[in-house]
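Asks: Any chance you can model this:
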Amino acid sequence: MKQIIVGLDRSGHDHVVLAAALDHVRHTASAVRVVHAIPPDTATTMAPTDAVTRAAWSADRQTRHQTATEDLRRHLTRTTDDLGAHIAIDYDVRHGDPATVLLSSARHADLIVIGTSGTGHRSPFLLGTVSQDIAVHATCPVLLVPTS
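Replies: So this is what the prediction gives:
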């Protein structure tokens, strides 16, 4: 079965990216996997050394993971309802660098759909770092959706 990976960052532009992905799903009957990366917290990138700090760090990571997954499910349920799309969505929420997480999730995908957020007020021809990394290193086609 064909699979479309949709990279979402839980920004205000996710609905545009999801709409573009769902348009492809309607034409290809592909499975949809929404991938969201929780970027590493610079304060906790090094593993804690004592047991108490490790336990607190692990609990915080798990809470951030659960919160991100629940928020994503609520947001996508509203968005797909608004678009009139009733499809099954697989969720993949991981901790790590967004480009690395997306590329890892898309190893066997047929298409990656991501937004080009991060460009700010610069030239519309420049991509954000994540979308640029995906476009350069993906092993499948990439659909870059302008979000600004």
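Asks: Please identify the buried residues of the longest helix seen in the chain?
Replies: Scanning the chain for the longest helix, with DSSP state H as the assignment, gives helix 51-83. Buried residues in helix 51-83, counting neighbours by 16 or more other Cβ atoms under 10 Å, are found at 57, 68, 72, 75-76, 79-80. No exception for glycine: its C-beta is placed from N, CA and C like everyone else's.
Asks: what's the closest of those residues to Leu144?
Replies: Closest approach to Leu144 among the buried residues of helix 51-83 (Cβ to Cβ): Thr79, at 19.3 Å.
Asks: The closest one: what's it in contact with?
Replies: Residues near Thr79 by Cβ atoms under 8 Å, 6 or more residues apart in numbering: 14-15, 18-19.
Asks: Show me the shaky parts of the chain.
Replies: For the chain, the stretches flagged by pLDDT under 70 are 1, 41-48, 82-86, 117-126, 148.
Asks: make it 80
Replies: Residue ranges of the chain with pLDDT under 80: 1, 10-13, 29, 40-49, 54, 57, 75-88, 117-128, 147-148.
Asks: Which stretches in it count as helices?
Replies: Secondary structure of the chain (DSSP H): helices at 14-28, 51-83, 98-105, 129-137.
Asks: any chance of these in TSV, with distance to Val35 too?
Replies: Listed next are these as TSV, based on distance: least, Cβ to Cβ, whole Å:
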stretch	distance to Val35
helix 14-28	11
helix 51-83	10
helix 98-105	5
helix 129-137	11
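Asks: Out of those, which is closest to Val34?
Replies: Short answer: helix 51-83, nearest of the helices of the chain by Cβ to Cβ, at 6.4 Å.
Asks: if we can go back for a sec, Thr116 is nearest to which of the helices of the chain?
Replies: Closest approach to Thr116 among those (Cβ to Cβ): helix 129-137, 4.8 Å.
Asks: which helices and strands sit right next to the closest one?
Replies: helix 98-105, strand 111-115, strand 142-145 (3 or more Cβ pairs under 8 Å, 6 or more residues apart in numbering; DSSP states H and E).
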